[in-house]
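# Model the structure of this input:
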Amino acid sequence: MASCPESVEDLQKEVTCPICMDFFTKPVSIQCGHSFCHSCLLRSWQQASTLLCPECRSVSQQREYKANVRLGKLADILKKLRPSGLCNPEGHGKCEVHQKVKKLFCEDDQSLICVSCSQSQEHETHSLCCTDEAAENCRGKLQETVTSLWKKSEVVARQLKIETTKFSLLGMEIDIQKKNILSEFHKLIELLHEGKDAYLSNLQTEGRSTLERQNRRISELTEQSQELREKITELEKECKKPDLDLLQDVKGVLKKGELVLQKDTEPVNTYIPIRRIPGLMEQIFRLKVDITLDCTTADHGLIITEDLKSVIYGGDQEEMPNNSRGLIEFAQVLGTQSFTSGKYYWEVEVPNNTAWCVGFCSKSKDFQDFFVLSNRQVNNSYYLFAQVQHNLYSDTKYRQASVLDLKVGIFLDYEQGEISFYHVKKRYLIYAFHATSFSERVLPFFCLSKTKDCSLTICT
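Numbering: from 1, shown residues only. Here you go, the predicted structure:
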């Protein structure tokens, strides 16, 4: 035969709502026969997309339920009996010192004590109350925590929905940007194709990183939501405990609820920057290298600055030129660097209304080839010439009126055999030598008219 405490406990279970774990309040029964608090059932169905029984998970076709008045009255009776205690309190533990039942609760120490302990010097100035009163106060605090947890849970649920939507939109945005990048690269010439994989890789990496961060954010919110619900269930169960059991570790229980409330996750910056695909000139600018002048190759009369970036003609026209390299009407100097592969770009500021020459010298055992853009005077006017010189034979490929304040951009694609000259300030191509076959190293080449104080500068 079951003991009194066991029978009372069984009876309490029968009048306890499976959702809120408290005595029924306005209980209703649904089609499957299970009963719940009216408000608990409505809240459960409101949050669910399918009308399921919260206990047996059977599906209800309609929102139908009937009030269970008798079950409600029985729950009310047990509610009234609960404060006075239905079980023998002797079983809830005695004072280890006085071997008396702990009937008082010390607010200062947050602990159960017996009457003799209350009269001791340790507790004489402390705030004491009966266990039933302390338990009710504790239940009130727990209920406040539960209410706060529910509010927090609703906020997290809303955040989870927002972040999930943002995750989906991020995927769409990444796909759109990928299509835009492919479309823009499709319009560019062959040189720009080299940047296509890099741009797509950057987007893929950044997009994957952003999605991973966003996914972690969703996972954290999902875990937080689960933790909140578990803590709600745990605290609701704590509320149902008998007074003395509830007060055994009330401080720790409340602390756990507070810790969950304080826990939060930082939002993720989900912004993905839109990339502008640059044009041809912008791509070529990225190939810019540092070019310096080789003092050991400078003709007589040329003065090289300390930074090896500028050259000035400071000699006299009567000085004998170095005729071994062709273009004998100029004073010449080579760059320190030489190239046998790859793509390179640099810029040179050239003088106004005087002769100059910039480009490349391709050197082999028996001869030198020059690919240059030069500025020369013809009939009292200056013109730009694109010239190829093989040994002493010169072939003019292009001619146009000279440009003032010109900054020349020089581009070399060794494998493709291309040498191009650009008007940097206005960003257009002056002339390009195509399909040139290089078999030896090529060097930057600079020339100045043998005019006092004429100069040019390699841009940094």
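# what about the strands in the stretch 201-350 of the chain?
Using DSSP state E, counting those that start in this stretch, the strands of the stretch 201-350 of the chain run over 302-304, 310-313, 330-334, 343-349.
# Quickly compare these and say which is most buried.
strand 330-334 (a mean of 22; mean count of other CB atoms under 10 Å). To be clear about C-beta, it is placed using only N, CA and C from the backbone, and glycine gets the same treatment.
# Now do it: everything it contacts.
293-295, 297-302, 304, 311, 313, 315, 321-322, 325, 355-357, 361, 443-450 (CB atoms under 8 Å, 6 or more residues apart in numbering).
# Let me see the domain layout of this protein.
1-88, 130-277, 285-458 (automatic domain parsing).
# Nearest to Cys95 among those would be which one?
Proximity to Cys95 (CB to CB) singles out domain 130-277 among the domains of the chain, at 12.4 Å.
# Where does pLDDT dip in the stretch 351-460 of the chain?
364-367, 392, 435 (pLDDT under 70).
# Can you report how many residues lie near Lys80?
When neighbours are defined as other CB atoms under 10 Å, Lys80 has 8 of them.
# Give me the three-state assignment for it.
helix (DSSP: H, G, I helix; E, B strand; the rest coil).
# quick one on the thing from earlier: let me have the strands of the stretch 201-350 of the chain in a markdown table, adding mean pLDDT and distance to Leu456 as columns.
Below are those laid out as a markdown table (pLDDT from 0 to 100; distance: least, CB to CB, whole Å):
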| stretch | mean pLDDT | distance to Leu456 |
| --- | --- | --- |
| strand 302-304 | 94 | 11 |
| strand 310-313 | 94 | 6 |
| strand 330-334 | 92 | 10 |
| strand 343-349 | 96 | 6 |
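# Please identify which of these is closest to Asp369.
Taking CB to CB, strand 330-334 is the member of the strands of the stretch 201-350 of the chain nearest to Asp369, at 13.7 Å.
# Within the sheet, what are the partner strands of the closest one, with directions?
Counting by DSSP bridges, the strands paired with strand 330-334 are strand 442-449 (antiparallel).
# Beyond the strand it pairs with, next helix or strand please.
Reading on from strand 442-449 to the C-terminus, the next helix or strand found by DSSP states H and E is strand 455-458.
# Give me the below-cutoff pLDDT ranges for the stretch 101-250 of the chain.
183-196.
# which stretches of the stretch 51-200 of the chain form helices?
With DSSP state H, counting those that start in this stretch as the criterion, the stretch 51-200 of the chain has helices at 69-81, 115-118, 131-187, 190-240.
# what angle separates the longest one from helix 190-240?
Between helix 131-187 and helix 190-240, the angle formed by their directions is 170 degrees, by axes from the mean of the first three to the mean of the last three CA atoms, to 10 degrees.
# The helices of the stretch 51-200 of the chain into a markdown table, with extra columns for distance to Glu107?
Output for these, formatted as a markdown table (distance: least, CB to CB, whole Å):
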| stretch | distance to Glu107 |
| --- | --- |
| helix 69-81 | 25 |
| helix 115-118 | 12 |
| helix 131-187 | 8 |
| helix 190-240 | 19 |
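# List the buried residues in stretch 95-109.
Within stretch 95-109, the residues that count as buried by 16 or more other CB atoms under 10 Å are 95, 101-106.
# Find the pair from the residues you listed with maximum spatial separation.
Distance extremes for these: the farthest pair is Val101 and Cys106 at 15.1 Å, using CB to CB.
# Buried residues in stretch 143-152, which are they?
Of the residues in stretch 143-152, those with enough neighbours to count as buried (16+ other CB under 10 Å) are 145-146, 149, 152.
# Please tell me how far Gly335 sits from Thr131.
The gap separating Gly335 from Thr131 is 95 Å, by CB to CB, to the nearest Å.
# what do you get for Gln62?
From Gln62 to Thr131 the distance is 47 Å (CB to CB).
# So which of the two has more stuff around it?
Thr131 (24 against 7).
# burial measure for the closest residue to the more buried one other than its chain neighbours, as a count.
In this structure, Thr131 finds its nearest non-sequential neighbour in Asp243, 4.9 Å apart by CB to CB, 6 or more residues apart in numbering. Per other CB under 10 Å, the neighbour tally for Asp243 reads 22.
# Could you do the one 10 residues further on as well?
The local packing of Val253 (other CB under 10 Å) involves 21 other residues.
# Then Thr233?
14.
# so what's Glu238 up against?
Going by CB under 8 Å, 6+ apart, the list of residues near Glu238 reads 142, 246, 253.
# Enumerate every residue touching the last one.
Just to be clear, that refers to Val253. So Val253 contacts 142, 235, 238 (CB under 8 Å, 6+ apart).
# Wait, Phe438 touches Gly417, no?
Yes: with contact defined as CB atoms under 8 Å, Phe438 counts as touching Gly417 (6.1 Å).
# the more surrounded of these two?
Per other CB under 10 Å, whichever of Phe438 and Gly417 has more neighbours is Phe438, with 21 against 13.
# Secondary structure of the more buried one: a helix, I assume?
No: read with three-state DSSP, Phe438 is coil and lies in no helix.
# taking the mean pLDDT, what do you get for whichever strand or helix holds Leu11?
In the assignment (DSSP H and E), Leu11 maps to helix 4-14. In this model, helix 4-14 has a mean pLDDT of 71.
# again, but for stretch 44-54
The model assigns stretch 44-54 a mean pLDDT of 75.
# May I see the buried residues of that stretch?
In stretch 44-54, counting by 16+ other CB under 10 Å, buried: 44-45, 51, 53-54.
# For that stretch, measure first residue to last.
Start-to-end span of stretch 44-54 (CA to CA, to the nearest Å) is 7 Å.
# what does that stretch contact?
Outside stretch 44-54, the residues touching it (CB under 8 Å, 6+ apart) are 18-19, 30, 32, 34, 36, 40-41, 58-63.
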